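>>> generate coordinates for the sequence data below:
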Amino acid sequence: MKLFFFLAAVFVLTVSADSCKKKKEGVYKGRLEIKALCMNYTIKILEGDTDTSLVTANWTDESTGKAYTNVVALGSRCNFPDSIQQGDEFYFVIDTAAARQQCAVCMAYYPTPPKKMPIRVVEK
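Below you'll find the model as predicted:
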């Protein structure tokens, strides 16, 4: 009987561990490195898949000369929360639908990494 309860407990723990992993899948942790005018934002990927096809591995801001690693430019300007300030860390998912949204954004230039990522900020 004790063996039955032990095996049942192991099964429950295994299933719950798998569901926790699935919830985190696709969620990234980032930090807003540069909050420049006209939403020319640069985000550093702190946690999550830093696949080089999605991020710029090494980039230097030509305005300041400061070098960054694993960064992307904000590719979804319409839905990024204004409350996130430069230096703030946040969680997000890639949201390709957000890239197609239309909103008014000024066209002033500030350098950003060549790779853009459309994101949606989520709660941890």
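
>>> after the one helix or strand in the chain whose mean pLDDT sits lowest, which helix or strand is next?
Lowest by mean pLDDT, DSSP states H and E among the helices and strands of the chain is helix 2-24, with a mean of 45. Heading C-terminal from helix 2-24, the first helix or strand you meet, by DSSP states H and E, is strand 27-35.

>>> what strands line up against that following strand, and which way round?
Take DSSP bridges as the rule and strand 27-35 pairs in its sheet with strand 41-47 (antiparallel), strand 89-94 (antiparallel).

>>> which residues does it contact?
Here strand 27-35 makes contact (C-beta atoms under 8 Å, 6 or more residues apart in numbering) with 40-49, 61, 68, 71, 84-94, 110, 112, 119, 122. C-beta here means a position set from N, CA and C on the backbone, and glycine is covered the same way.

>>> how about the strands paired with strand 27-35 in TSV, adding mean neighbour count?
Putting the strands paired with strand 27-35 into TSV (neighbours: other C-beta atoms under 10 Å) gives the following:
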stretch	mean neighbour count
strand 41-47	20
strand 89-94	18
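
>>> can you give me the mean pLDDT across stretch 64-81?
Here stretch 64-81 scores 96 as its mean pLDDT.

>>> start to end distance for that stretch?
Start and end residues of stretch 64-81 are separated by 25 Å (C-alpha to C-alpha, to the nearest Å).

>>> what does that stretch rub up against?
So stretch 64-81 is contacted by 33, 39-45, 50, 54-61, 95, 98-99, 101-103, 105, 112-121 (C-beta under 8 Å, 6+ apart).

>>> give me the subset of those residues lying in helices.
Judged by DSSP state H, the subset of those located in helices is Ala98, Ala99.

>>> are any of the contacts of stretch 64-81 buried, and which?
Buried positions within the contacts of stretch 64-81, assessed by neighbour count (16 or more other C-beta atoms under 10 Å), are 33, 39-45, 50, 54-56, 59, 61, 95, 98, 112-113, 115-119, 121.

>>> and those residues, which of them are in strands?
Among the buried ones among the contacts of stretch 64-81, the members found in strands (DSSP state E) are Glu33, Tyr41, Thr42, Ile43, Lys44, Ile45, Thr56, Trp59, Lys116, Met117, Ile119, Val121.
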